[in-house]
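Asks: pasting the structure only:
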C-alpha cells in the first residue's frame, strides 16, 4: 500500500489532494504517505466487506 500510495500521488488527483492536505497539517512526507496508504487499505476493506466494486465519487463541495 505504501508503494501504491507513492505512485498514486503522481497520477491520481484525489490521492494528491489528500497527500497535500496531510502535508499542510504538518506531517512529513513519509507520514503523509502512510496516512494515504491506510486510507487505501480502508477502502479495500470496505469493498471486500460490502462485496461492492470500487466506485469513484467526486469529493463533496460545501456550500456556505
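Replies: Arrived safely, thanks for sending. The model shown is predicted, which means the values in this text are computed figures rather than measured ones.

Asks: give me the contacts around the helix or strand that contains residue 15.
Replies: When elements are assigned from DSSP states H and E, residue 15 belongs to helix 13-24. For helix 13-24, the surrounding residues in contact (CB atoms under 8 Å, 6 or more residues apart in numbering) are 5, 8-10, 29, 31-33, 35-36, 39, 56, 59. C-betas here are computed from N, CA, C, even on glycine.

Asks: so which of these wins on neighbours?
Replies: Ranked by neighbour count (other CB atoms under 10 Å), the contacts of helix 13-24 have residue 36 at the top, with 24 neighbours.

Asks: does that residue belong to a helix, a strand or coil?
Replies: Here residue 36 takes the helix state, with states given by DSSP: H, G, I helix; E, B strand; the rest coil.

Asks: how about it, nearest residue that isn't a chain neighbour?
Replies: residue 5 (4.2 Å; CB to CB, 6 or more residues apart in numbering).

Asks: ok, that neighbour touching residue 29?
Replies: No. The pair residue 5 and residue 29 fails to qualify as a contact (CB atoms under 8 Å) at a distance of 11.1 Å.

Asks: tell me how far residue 47 lies from residue 21.
Replies: 23 Å (CB to CB, to the nearest Å).

Asks: all good on my end, thank you.
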